[in-house]
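Asks: Quick one, fold the following:
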Amino acid sequence: MGDLQFVGIDPNTGGEGSPTVWVEEETADLVLQGIKAEQALETLVGGTEWVAGHATGIPGHETVIRVPARMVPILRKACDVAEQRAKLL
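Replies: Residues are numbered from 1 along each chain as shown. This is a model prediction of the structure:
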């Protein structure tokens, strides 16, 4: 795992456990910290065949998070950072 480039944090943060976005410098992957999805949302995501023929369920190495809509500008910026970083790889 490479170093992380901080992109942004929830503007409504109260100083603890806030949704945050980084870009991993080695891979240009987005790294997200978000609010753990409630059970009903996990059930919906895991039980729906979103792509025909694709397995349903949430694998043990994956999770569902919720990122507040107010963070969309931060996610856009993170996508730009990741795209530029990927060009360097």
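
Asks: Would you mind confirming that residue 20 makes contact with residue 4?
Replies: No. Taking contacts as CB atoms under 8 Å, residue 20 lies outside contact range of residue 4: 9.8 Å. For the C-beta atoms, the positions are set from N, CA and C on the backbone; glycine is no exception.

Asks: Give me the more crowded residue out of the two.
Replies: Neighbours per residue, other CB atoms under 10 Å: of residue 20 and residue 4, the larger number sits with residue 20, 19 against 15.

Asks: any idea how far residue 36 is from that one?
Replies: Distance, residue 20 to residue 36, by CB to CB, to the nearest Å: 14 Å.

Asks: Same check on residue 16?
Replies: As defined by CB to CB, residue 16 lies at a distance of 15 Å from residue 36.

Asks: Quick check, central residue of the chain?
Replies: In the chain, the centroid-proximal residue (CA atoms, centre = their mean) is residue 32; its distance is 3.7 Å.

Asks: what's near enough to touch the nearest residue to it once chain neighbours are set aside?
Replies: Spatially, and ignoring its direct neighbours in sequence, residue 32 is nearest to residue 21 (5.7 Å; CB to CB, 6 or more residues apart in numbering). Going by CB atoms under 8 Å, 6 or more residues apart in numbering, residue 21 touches 7-9, 30-33, 71, 74-75, 78.

Asks: what do you get for residue 28?
Replies: Shown in contact with residue 28 (CB under 8 Å, 6+ apart): 82-83, 85-86, 89.

Asks: Helix or strand for it, just tell me which one.
Replies: Counting by DSSP states H and E, no helix or strand carries residue 28.

Asks: Equivalent analysis for the one 4 residues further on, please.
Replies: Residue 32 belongs to strand 30-33 when elements are defined using DSSP H and E.
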